[in-house]
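J.: how does the following fold in three dimensions:
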Amino acid sequence: QVQLAESGGDLVQPGGSLRLSCAASGFAVDFSKIGWFRQAPGKEREGVSCISSSDATTRHSASVKGRFTISRNRALNTVYLQMSSLKPEDAAVYYCAAQAVGSADYNYWGQGTQVTIAS
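T.: This is a model prediction of the structure:
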């Protein structure tokens, strides 16, 4: 049973930084990529960043490019999302998800971690 556990969500001031972690465990499948998504109240879930398992190629949405960085520690089976220059519109529940090799969709999701931006 694949499990993804996010952590690191917190209350932070605008302009601040935060690092989210996504720890993967219990997997017997290969992932092609791990992604971070977010969903704010009343809004649709949006993709934020993703990282390829094979070569660590990263991609970021236009709204976070230059401010967020996704990285991984393969030894710890953990993917990170370093967020800086946070804006009020970054406030959301952040989820990590894993896409199995050969799948077109993200197959496994964590429970989410809350990021709140407030002065």
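J.: surely Leu76 is in contact with Ser25?
T.: No: contact criterion C-beta atoms under 8 Å: Leu76 and Ser25 do not qualify, at 10.3 Å. Just so you know, the C-beta spots here come from the backbone N, C-alpha and C atoms, and that holds for glycine as well.
J.: would you mind confirming that Val48 is in contact with Phe68?
T.: Yes: contact status for Val48 versus Phe68: in contact at 6.5 Å, counting by C-beta under 8 Å.
J.: following element in sequence after the host helix or strand of Arg38, please.
T.: In this structure, Arg38 is located in strand 31-39 according to DSSP states H and E. Downstream of strand 31-39, the first helix or strand assigned by DSSP H and E is strand 46-52.
J.: following the chain past that next one, name the next helix or strand.
T.: Stepping forward along the backbone from strand 46-52, the first helix or strand reached (DSSP H and E) is strand 58-60.
J.: so what strands line up beside the helix or strand following that following strand?
T.: Read in the C-terminal direction, the helix or strand following strand 58-60 is strand 68-73, with elements assigned using DSSP H and E. Strand 68-73 sits in its sheet next to strand 78-83 (antiparallel), going by DSSP bridges.
J.: if we can go back for a sec, which neighbours do Val48 and Phe68 have in common?
T.: Residues touching both Val48 and Phe68 (C-beta atoms under 8 Å, 6 or more residues apart in numbering): 60, 81.
J.: contacts only, for the residue most central in space within the chain.
T.: To find the centre residue of the chain, average its C-alpha atoms and take the closest one (C-alpha atoms, centre = their mean): that gives Trp36, at 2.5 Å. Contacts were defined as C-beta under 8 Å, 6+ apart; by that measure Trp36 touches 20, 22, 47-50, 70, 79, 81, 94-97.
J.: want to throw the residues you listed into a markdown table with neighbour count and pLDDT?
T.: Shown next, in a markdown table, are the contacts of Trp36 (neighbours: other C-beta atoms under 10 Å; pLDDT from 0 to 100):
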| residue | neighbour count | pLDDT |
| --- | --- | --- |
| Leu20 | 24 | 98 |
| Cys22 | 26 | 96 |
| Gly47 | 15 | 97 |
| Val48 | 24 | 98 |
| Ser49 | 24 | 98 |
| Cys50 | 22 | 97 |
| Ile70 | 24 | 97 |
| Val79 | 28 | 95 |
| Leu81 | 27 | 98 |
| Tyr94 | 24 | 98 |
| Tyr95 | 22 | 98 |
| Cys96 | 31 | 97 |
| Ala97 | 21 | 97 |
